[in-house]
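Trainee: Fold the following and give me the result.
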Amino acid sequence: MNAAVLPQGANQGTPGPAATAPAATGPVFGPRLAVGMAGVLLAAMVAGLNARVPALALPDTRGALGLGLDDASWLSTAYTAGELSVMPFATWFAVTLSLRRFHSGMLAGALLLAGIIPLVSDLNWLLPLRFVHGLFAGALIPMLMMAALRFLPTPVRLHGLALYALTATFAPNVALWIASQWLDRLEDWRWAYWHLIPLGVVAMGLVLWGIPKMPPALPRLKQANWPGMVLGIPGLALLSVGLDQGQRLDWLQSPLIVAALAAGGVLTSLFLLSEWFHPGPFIKLQLLARRNLGLGFVVFFLLLVAMSSGVALPSLNLTQQHGFRVEQLVPLGLVVGLPQLVLGPLVALLLYQRWVDARHLFALGLVLIAAACWTAARVDVDWMAPQFLTAQVLQALGQPLAVVSLLFLSTSVVQPMEGPFVSGIVNTLRAFGTLVGSALVSRQMSERSSFHADVLIGELGHRLGQGLEPAEASSLGTLLSHHASVLAVADVYRMLGVLALLLVPLVLMLQHIPAPMAVRQPPT
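Mentor: Below is the predicted model of the structure:
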C-alpha cells in the first residue's frame with residue numbers, strides 16, 4: 001500500500017461511523033490502474049457531453065423530426081431528470097456490484113441508447129428513452145470522484161480531483177465546439193449522439209483493462225434503503241421537471257409546475273429524512289456536520305449558480321441580439337474551457353505547497369468570477385463575441401481556483417471509506433445547482449426584460465402618442481426589445497457577481513487544511 005497521508009486538521013469535525021473503521025486494503029496505484037482511471041475520466045466527459053451537445057442541437061433536432069418548440073423542450077428535460085435522479089445512488093451500486101462491473105454496465109447502456117435515439121422519431125418513445133439515457137450517463141459522473149478518492153495516492157490525488165473539476169469547467173464549454181462540428185459542418189443532428197460512441201468504447205476498454213476486478217458485495221442489497229430510493233428517484237425527477245420547464249410554462253401560473261415542484265419537494269424531503277435514520281443509507285447526511293462538508297457544499301451549490309455567468313449568459317445574449325448559431329459561439333466556450341486542461345493541474349500543484357492556504361485561493365477564484373461578471377455587465381446592444389473576451393479570460397482563471405480548492409477543502413476531512421457517500425452528495429448538488437442556476441438566470445432575464453421594457457416604453461410614451469407609421473412602430477418595438485434584453489443581461493451579470501462576492505466570507509470560515517504530508521510507515 002501507499003504511505004498513509006493525512007492533511008493536518010483532516011481528522012477534526014464530527015466523524016462518521018466509517019471514520020473509525022480500518023481502511024480497506026486496496027490495489028496499489030500503478031500504470032495499469034492509471035489507465036483505468038483515464039477510462040473513468042473519459043467516460044465522465046462522455047456523460048457530460050451526452051447532456052450538453054444534444055441540448056445545443058435541439059433546434060436542428062426539432063426541425064428534422066418536425067417537433068414543435070414545446071414538445072422538443074421535453075427531450076432535454078427528460079435527460080436532466082434521469083441524470084439528477086440517479087446521482088445519490090450510483091456510488092452505492094458501484095460499491096455493491098463492484099466499480100468495474102457497474103461502470104461498464106452503465107456505460108454500455110448509455111452508448112447503446114446514444115446509437116438508438118437518433119433512429120427514433122416518435123416523441124412518445126423518445127422521452128422515456130432520453131430519461132433512461134440520463135440515468136445511465138448520469139451514473140458515470142460520480143464514479144470519477146469515487147475512484148479518485150479510493151485509488152489515487154496523495155502525491156497525485158489532488159490532480160485527480162482537478163480532473164474531476166473538468167466535468168464542470170471543461171466539458172460543458174468545449175461542447176459548443178463539438179456541437180458545431182456536426183451541426184454546421186456535417187449538417188446532421190444525429191451525430192450529436194453518435195459521435196460519443198467511439199469515445200465511450202475507448203473508455204470502456206480502458207476501464208475493463210485498468211480497473212481491478214473486485215467481488216460484489218451482494219449482502220448489501222438486503223441492507224439498502226429501498227423505500228428511500230422509491231421516494232428519491234421520482235422526487236428528484238419531478239424537481240428537475242419543475243425547474244427545467246418552469247420558465248416556459250410561467251412557473252406558479254402552471255398547475256403542472258406547481259404539482260411537480262410540490263410533489264418533488266415532498267418526496268425528496270421524505271427521501272432525505274429516511275436516509276438520515278436508515279442504518280444503510282445511499283448518502284450519509286451526517287457527514288454534513290463537518291464544517292468543510294456542510295458549509296463547503298452550500299458554497300459549492302451557490303458557486304455553480306454563479307458559474308452560470310461563464311458561457312451560458314453571453315451565449316444567450318448573442319443569440320437573442322444577433323441570432324448567433326452554435327458555430328459562432330464556439331470562441332466563448334473555448335476561451336473558458338481549453339485553459340482548464342492546464343490551469344486545473346496548476347491549481348493542484350499550488351495546493352500542495354505548504355505556504356498556500358486553499359481558502360485564499362478559493363476566495364481569489366470567487367473575486368475573479370465576480371470581476372468577470374462586472375466586466376461583462378457593461379454589455380450593450382453592439383457587443384459581439386470579442387467584447388466578452390476579457391470576462392471570459394477572468395472566468396477561465398477564476399473557475400479552477402474556486403472549484404479545485406473547494407474539492408481539496410471538502411475531501412480532506414473525508415476518510416477513504418466515506419468517499420462513496422461524499423461523491424453521491426457532491427454530484428447530486430452539482431447537477432441540482434446547475435439546474436437551479438439555469439432556472440434562476442431564465443427567470444431573472446424574463447423579469448428584468450419586462451421591467452426595462454416598461455421603463456423604456458414609459459420614457460418614449462410621448463413619442464408613441466404622437467402616432468407612428470406601422471413600419472416605424474415595428475422598428476421601434478424591435479429596438480426596445482433588444483435594449484430591454486441587453487439591460488436584463490447586465491442586471492443578471494451584476495446579480496451573479498454580487499453572489500460570488502458574498503461567498504467569500506463563507507469560504508474564509510471553512511476549516512484551514514494545510515498541504516498534505518506523507519506519513520511514512522516504519523520499516524518492518
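
Trainee: Is it correct that Arg354 falls within a helix?
Mentor: No. Assignment of Arg354 by DSSP: H, G, I helix; E, B strand; the rest coil gives coil, placing it outside any helix.

Trainee: hang on, it packs against Pro516?
Mentor: No. Assessed by Cβ atoms under 8 Å, Arg354 is found out of contact with Pro516, at 9.8 Å. Just so you know, the C-beta spots here come from the backbone N, C-alpha and C atoms, and that holds for glycine as well.

Trainee: residues in contact with Leu236?
Mentor: Counting by Cβ atoms under 8 Å, 6 or more residues apart in numbering, Leu236 touches Ala81, Leu84, Ser85, Met87, Pro88, Gly264, Thr268, Phe271, Thr428, Phe432.

Trainee: Just name the closest of the residues you listed to Met45, please.
Mentor: Set against Met45, the nearest of the contacts of Leu236 by Cβ to Cβ is Met87 (16.8 Å).

Trainee: nearest residue to that closest one other than its sequence neighbours?
Mentor: Thr428 (4.1 Å; Cβ to Cβ, 6 or more residues apart in numbering).

Trainee: okay, now Lys213: neighbour count?
Mentor: Residue crowding around Lys213 was assessed by other Cβ atoms under 10 Å; the count is 10.

Trainee: How about the secondary structure of it?
Mentor: coil.

Trainee: can I get the contacts of Leu236 in a markdown table with distance to Lys222, secondary structure and pLDDT?
Mentor: Compiled in a markdown table, those are given as follows (distance: Cβ to Cβ, whole Å; DSSP: H, G, I helix; E, B strand; the rest coil; pLDDT from 0 to 100):
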| residue | distance to Lys222 | secondary structure | pLDDT |
| --- | --- | --- | --- |
| Ala81 | 29 | helix | 97 |
| Leu84 | 27 | helix | 96 |
| Ser85 | 23 | helix | 97 |
| Met87 | 23 | coil | 96 |
| Pro88 | 19 | coil | 96 |
| Gly264 | 29 | helix | 98 |
| Thr268 | 25 | helix | 98 |
| Phe271 | 20 | helix | 98 |
| Thr428 | 24 | helix | 95 |
| Phe432 | 30 | helix | 94 |
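
Trainee: how about those residues in JSON lines, adding distance to Val230 and neighbour count?
Mentor: Shown next, in JSON lines, are the contacts of Leu236 (distance: Cβ to Cβ, whole Å; neighbours: other Cβ atoms under 10 Å):
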{"residue": "Ala81", "distance to Val230": "16", "neighbour count": "31"}
{"residue": "Leu84", "distance to Val230": "16", "neighbour count": "26"}
{"residue": "Ser85", "distance to Val230": "12", "neighbour count": "26"}
{"residue": "Met87", "distance to Val230": "16", "neighbour count": "26"}
{"residue": "Pro88", "distance to Val230": "13", "neighbour count": "28"}
{"residue": "Gly264", "distance to Val230": "14", "neighbour count": "21"}
{"residue": "Thr268", "distance to Val230": "12", "neighbour count": "22"}
{"residue": "Phe271", "distance to Val230": "9", "neighbour count": "24"}
{"residue": "Thr428", "distance to Val230": "17", "neighbour count": "25"}
{"residue": "Phe432", "distance to Val230": "20", "neighbour count": "19"}
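
Trainee: quick one: which of these is nearest Ala114?
Mentor: Once Cβ to Cβ is applied, the member of the contacts of Leu236 that ends up nearest Ala114 is Ala81, at 17.7 Å.

Trainee: now the nearest residue to Pro227 once chain neighbours are set aside: how far from Pro339?
Mentor: The shortest distance from Pro227 to any non-neighbouring residue, by Cβ to Cβ, 6+ apart, is to Ser274 (6.2 Å). In this view, Ser274 and Pro339 are 43 Å apart by Cβ to Cβ, to the nearest Å.

Trainee: what's the answer for Leu75, then?
Mentor: Plainly put, Leu75 is 31 Å away from Pro339 if you go by Cβ to Cβ.

Trainee: What is the helix or strand in which Pro314 is found packed up against?
Mentor: Under the criterion of DSSP states H and E, Pro314 resides in helix 312-322. Under the contact definition 3 or more Cβ pairs under 8 Å, 6 or more residues apart in numbering; DSSP states H and E, helix 312-322 sits against helix 326-337, helix 419-459, helix 470-508.

Trainee: Which parts of the stretch 201-350 of the chain are strands?
Mentor: In the stretch 201-350 of the chain, no segments count as strands under DSSP state E, counting those that start in this stretch.

Trainee: show me where pLDDT drops low in it?
Mentor: Within the stretch 201-350 of the chain, no stretch has pLDDT under 70.

Trainee: re earlier: compare Leu75 and Pro339 (neighbour count), which wins?
Mentor: Per other Cβ under 10 Å, whichever of Leu75 and Pro339 has more neighbours is Leu75, with 24 against 21.

Trainee: Helix or strand next in line after the helix or strand harbouring that one, which one?
Mentor: Assigned by DSSP H and E, Leu75 belongs to helix 69-86. Once helix 69-86 ends, the next helix or strand along the chain (criterion: DSSP H and E) is helix 90-97.

Trainee: So which bits of that next one are buried?
Mentor: Using 16 or more other Cβ atoms under 10 Å as the test for burial, helix 90-97 gives Ala90, Thr91, Trp92, Phe93, Ala94, Val95, Thr96, Leu97.

Trainee: Distance-wise, check the third one relative to Ala162.
Mentor: The span separating Trp92 from Ala162 equals 25 Å under the rule Cβ to Cβ.

Trainee: Repeat that for the last one.
Mentor: Summarising the geometry, the distance separating Leu97 from Ala162, computed by Cβ to Cβ, is 28 Å.
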